[in-house]
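[1] Here's my sequence, what's the structure:
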Amino acid sequence: MRRIIYQSTASPEMDRAALFRLVYQARLANERRGLSGFLIFADQHFLQVVEGPTWKLVATFEAIRRDVRHNDVTIIDERSITAPLFRAWRMRCFDEGGAAAALAAMTAEAGVALPKVVEDAVQAFFGCDRARANLVPVQPA
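    As a prediction, the model looks like this:
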């Protein structure tokens, strides 16, 4: 068993409808392959955690790298695991609610404290979004 955590930048065409299609396709594919995990989409960026049997996960991740719906795929962490944390989530998507809501749902699904690397990746992802948002000047009303 293996877990890969990565982030990427969505293509300009990625809108809500395209996101829903992506998640639907991922759920079907992951169901067939025995993979699980979640995807966070915010500010035209993705963070994904995907888990499962090593050879199926490696093959799937190579397809993810080639997917034109995103670019700048950067692996945050990759490691062997004894069991998946998110086994019931063939592909759960978070696109609203922020880090606290996502982490609460993840912890509830896992049934245990999240590994620090997962928690840190989620917090950093949302922290980066806040930093980008802070760069945009706010116009007085």
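[2] buried sites along the longest strand along the chain?
    Ranked by number of residues, the top strand in the chain under DSSP state E is strand 70-80. Of the residues in strand 70-80, those with enough neighbours to count as buried (16 or more other Cβ atoms under 10 Å) are H70, V73, I76. The way it works is simple: take the backbone N, C-alpha and C, and place the C-beta from them, glycine included.
[3] Distance from the chain centre to it, please.
    Here the centre of strand 70-80 is set off from its chain's centre by 10 Å, with Cα atoms, centre = their mean, to the nearest Å.
[4] ok so, going back, could you save the buried residues of strand 70-80 as TSV and add columns showing pLDDT and distance to E51?
    Shown next, in TSV, are those (pLDDT from 0 to 100; distance: Cβ to Cβ, whole Å):
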residue	pLDDT	distance to E51
H70	94	19
V73	94	17
I76	94	14
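[5] if we can go back for a sec, neighbouring strands for the longest strand of the chain, and are they parallel or not?
    Here strand 70-80 is paired, per DSSP bridges, with strand 2-10 (antiparallel).
[6] Now do T60: how many residues are near it, please.
    Per other Cβ atoms under 10 Å, the neighbour tally for T60 reads 19.
[7] Tell me which other helices or strands the strand or helix carrying it touches.
    Under the criterion DSSP states H and E, the helix or strand holding T60 is helix 54-66. For helix 54-66, the elements it packs on are strand 2-10, helix 16-33, strand 45-52, strand 70-80, judged by 3 or more Cβ pairs under 8 Å, 6 or more residues apart in numbering; DSSP states H and E.
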